[in-house]
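Colleague: Compute the structure for the input listed below.
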Amino acid sequence: MTNALNIIRWEHCSIESVLHALGYFVDQMWAGKRAPENKVFRAMLQYIDLFSEHLHHPKEDRHLFRRLRLRTHQADDLLDLLEADHRSGAEKIRRLQQAFLRYDEGGPAYFYAFAMAFRAYARFYRSHMHCEEEMLFPVAEAVLTEDDWREIDAAFAGHGDYQVSPQTKHDLDKLFDHILSITPAPIGAAPELARVVRDRG
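Modeller: A predicted model of the protein is given here:
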């Protein structure tokens, strides 16, 4: 597997770890257990938004998806679907953030709507990641050339991609560390999150 595809899998792992943590706390609250401070939810939602919309999806669109469309038409329908997911993802995360804001300001009466919005978003995003890894990656590995991969790998490694600034990556790393520092046990020190930090370091 190429460097770029490994990076995408790592980035999926990072997003999944935060979705897992959010889901854990939503389930705990659903069961009537104590909720974490709302700043925990706020930081996690901000991370998913910034990471997916400002770093992850743009790289996929500009490099991997573009190269695939130049090389083959066999993945056109799948690419259309994945690109539509990217376009709608920003609106979906906004709806989730709005549902959280109503809960944050209005209290327990708005928890059900927030929980349902989170579960819908998590299903959407997990399905999207699954399609990329299980359906698109095999096509990419079969049809892209060494020259294609050199360009894609360089872009995903952060070389020459002026739209993904070092400051953006630095800010996201700081936000992820902040999430770890404010998230209560057992999630704060859970393997899902700790592994991502170790791999990133």
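
Colleague: What is the three-state secondary structure of residue 36?
Modeller: Secondary structure, DSSP: H, G, I helix; E, B strand; the rest coil: residue 36 is coil.

Colleague: going forward, begin numbering at 28 instead of 1
Modeller: All set: I'll call the first residue 28, so the last point we hit is now residue 63.

Colleague: contacting residues around residue 106?
Modeller: 92, 95-96, 163 (CB atoms under 8 Å, 6 or more residues apart in numbering). Where you see a C-beta, it was placed from the backbone N, CA and C, and this is true even at glycine.

Colleague: sorry, that was for residue 162
Modeller: Taking CB under 8 Å, 6+ apart, one finds residue 105 in contact with residue 162.

Colleague: distance between the longest helix along the chain and the chain's centre?
Modeller: In the chain, taking DSSP state H as the definition, the longest helix is helix 103-133. Here helix 103-133 is found 11 Å from its chain centre; the criterion is CA atoms, centre = their mean, to the nearest Å.

Colleague: In that helix, which of the residues would be classed as buried?
Modeller: Within helix 103-133, the residues that qualify as buried are 105-106, 109, 112-113, 116, 120, 123-124, 126-127, 129-130, counting by 16 or more other CB atoms under 10 Å.

Colleague: Roughly how far does residue 81 sit from residue 127?
Modeller: Here the criterion is CB to CB, to the nearest Å. By it, residue 81 lies 19 Å from residue 127.

Colleague: quick one: average confidence on the longest helix of the chain?
Modeller: On average, the pLDDT along helix 103-133 is 96.

Colleague: List the contacts of residue 54.
Modeller: Per CB under 8 Å, 6+ apart, neighbours of residue 54: none.

Colleague: which SSE is it in?
Modeller: In the assignment (DSSP states H and E), residue 54 maps to helix 30-57.

Colleague: and the helix or strand that comes right after that helix, what does it pack onto?
Modeller: Downstream of helix 30-57, the first helix or strand assigned by DSSP H and E is helix 65-78. Judged by 3 or more CB pairs under 8 Å, 6 or more residues apart in numbering; DSSP states H and E, the packing partners of helix 65-78 are helix 30-57, helix 103-133, helix 193-209.

Colleague: quick check: angle from helix 65-78 to helix 193-209?
Modeller: 150 degrees (axes from the mean of the first three to the mean of the last three CA atoms, to 10 degrees).

Colleague: No more questions from me, cheers.
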